[in-house]
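> Quick one: sequence plus predicted model below, questions after.
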Amino acid sequence: MRERSQSEVVQAAGELITNCGYNEVSLVSLSTSDYTGIDELVANLSHRYHNLSLSLPSLRIDSFSVRLMEALPSRKKTGLTFAPEAGSERLRRSINKNTPEDELLKTAATAFDRGWINLKLYFMLGLPTETIDDIEDIIQLVDKLRSLGRKAKGKRPRLRISLPTFVPKPHTPFQWVAQAEEEQLNSKCELLNLGLHRKGVRLSWPDPKASLLEAALSRGDRQLGKVIHHAWKLGATFDAWSEHFNYEIWLCAFEKAGLEPTFYAQRERSLDEPLPWAHIDVGVTTAFLKQEYQRAIEGIETPDCRHKACNACGLERWQPDCQQKHQAKPAHHHPQQ
């Protein structure tokens, strides 16, 4: 994981404040609280810029410490964003984000006690092995969080629940799985909408058709070049913005190319099937991804190699830090592929 130095981040924040006139800064990363010295960085920014409104999106609940929250300026409470990803511990363990529910609730309670009433939560819909029980667990978890917020300050918390659709991507353990169909996703969203019809709770989810297209393009082969070209000629531009997205244009483009988006997005692939991206070496081996896929289906968590022994994922072939750790504490070896 590559990180900017703390001095670089402080300098960039200072330039933004000076040049743009804003007093709001977001520290953005795949997992902001995993940044080395994040608590020191937050304290530094808060000390330098007294009127700064600082937000930390994309927080992993298991690494979000009370110390970090204490470093946030108390003058302005912007929203906090957490990503439980799934409602049940079983499913979180399956995707290697196994935060125990009691830890999640404890962290949220601390946030409420510190004065935050706006929380945004991300739950992924359509994850492999997901069941209706997992959806019900989302409802129960949100209800518990809402109850904690009401107890903390006597105020009604505002919870924004975002429900993005799972999109299988290349070079990941789930690159072989089928994306959930629109009918399944809509029924789960409806169940959540009914179960979380509460004051102070707002749900949002993307258009399943946009997620279908994303999955098709993500796992497509070279034939999709024709589809993209046809779509562009038909007027498809800035499709990531919902107001510009026109699914009919893309359906027409697929039809002109003699292809179906569901073939790429909603088809389960054999572990032995040649994949269009298999010739690209990203460091992590296919053999390791297959093993991780099997572990995920069985609900077995893989330890974080930053804090545990090397998992021999393949990066130890190229990365000096990984090589050193792999040689110092060899883990179970997997066949390289």
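Yep, that arrived.

> shouldn't L121 be in contact with S162?
Yes: L121 is within contact range of S162, at 7.0 Å (criterion: Cβ atoms under 8 Å). For every residue, glycine as well, the C-beta is placed using N, CA and C.

> more crowded one of those two?
Here L121 and S162 are compared on neighbour count by other Cβ atoms under 10 Å; more neighbours surround L121, at 23 against 16.

> which SS class is the more buried one?
strand (DSSP: H, G, I helix; E, B strand; the rest coil).

> So for the residue sitting furthest away from the middle of the chain, what's the pLDDT?
When distances to the mean C-alpha position of the chain are computed (Cα atoms, centre = their mean), the maximum falls on K256, with 33.9 Å. Here, the pLDDT recorded for K256 equals 98.

> quick one: contacts for it?
K256 makes contacts with 226-227, 230, as judged by Cβ atoms under 8 Å, 6 or more residues apart in numbering.

> What segments of this protein are helices?
6-20, 38-48, 66-71, 89-94, 101-113, 132-153, 182-195, 208-218, 224-233, 247-256, 261-265, 286-297, 320-328 (DSSP state H).

> If I average pLDDT within each of the ones you listed, which one is lowest?
If you rank those by mean pLDDT, helix 66-71 sits at the bottom with a mean of 68.

> ok so, going back, may I ask which of the contacts of K256 has the most neighbours?
Top of the contacts of K256 by neighbour count (other Cβ under 10 Å): V227, with 25 neighbours.

> any idea how far Q175 is from that one?
V227 sits at a distance of 20 Å from Q175 (criterion: Cβ to Cβ, to the nearest Å).

> go on, A278?
Here A278 is placed at a distance of 10 Å from Q175 (Cβ to Cβ).

> any idea of the pLDDT on R75?
55.

> now do P170
For P170, pLDDT reads 97.

> Next, the contact list for it, please.
By Cβ under 8 Å, 6+ apart, the residues touching P170 are 218-219, 275, 277.

> Return a selection command, for use in PyMOL, containing the buried ones of the residues you listed.
Buried residues within these, by 16 or more other Cβ atoms under 10 Å, are selected in PyMOL with:
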select buried, resi 218+219+275
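
> tell me the two of the contacts of P170 that are most distant?
Farthest apart among the contacts of P170 by Cβ to Cβ are S218 and L275. That separation is 11.8 Å.

> I'd guessed L27 sits against A12; true?
No: taking contacts as Cβ under 8 Å, L27 lies outside contact range of A12: 10.3 Å.

> who's more crowded, the two?
Shown here are L27 and A12; by other Cβ under 10 Å, L27 has more neighbours (19 against 12).

> how far away is the closest residue in space to G37 that isn't next to it in sequence from I161?
With sequence-adjacent residues excluded and distances taken as Cβ to Cβ, 6 or more residues apart in numbering, G37 is closest to Q6, at 5.9 Å. With distances taken as Cβ to Cβ, Q6 is found 33 Å from I161.

> neighbour-wise, which of those two wins?
Remark: of Q6 and I161, I161 carries more neighbours, 21 against 16, as counted by other Cβ under 10 Å.

> how far away is that one from T18?
Using Cβ to Cβ, I161 is found at 36 Å from T18.

> before we move on, what about T302?
With Cβ to Cβ as the criterion, T302 and T18 are 44 Å apart.

> With neighbour numbers in mind, choose between those two.
More crowded of T302 and T18, by other Cβ under 10 Å: T302, with 16 against 9.

> quick one, what contacts the nearest residue to the more buried one once chain neighbours are set aside?
Using Cβ to Cβ, 6+ apart and skipping the chain neighbours, the partner closest in space to T302 is N96 (5.6 Å). With contacts defined as Cβ under 8 Å, 6+ apart, the neighbours of N96 are 296, 301-302.

> Can you tell me which of these lies closest to L191?
A296 (23.9 Å).

> In contact with that closest one, which residues?
By Cβ under 8 Å, 6+ apart, the residues touching A296 are 94-96, 128-129, 173-174.

> what about burial for those residues, which qualify?
Among those, the ones that count as buried by 16+ other Cβ under 10 Å are 94-96, 128, 173-174.

> Could you identify the most distant pair in those residues?
Longest span within the buried ones among the contacts of A296, Cβ to Cβ: N96 and P128, 12.4 Å.

> re the thing from before, let me have the buried ones among the contacts of A296 in a markdown table, adding distance to Y22 as columns.
Shown next, in a markdown table, are the buried ones among the contacts of A296 (distance: Cβ to Cβ, whole Å):
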| residue | distance to Y22 |
| --- | --- |
| S94 | 40 |
| I95 | 35 |
| N96 | 36 |
| P128 | 41 |
| P173 | 40 |
| F174 | 38 |
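
> Tell me the one among the residues you listed nearest to N186.
The closest of the buried ones among the contacts of A296, once distances to N186 are taken by Cβ to Cβ, is P128, at 18.8 Å.

> Please name the nearest non-neighbouring residue to the closest one.
Closest to P128 by Cβ to Cβ, 6+ apart is V177, at 5.0 Å.
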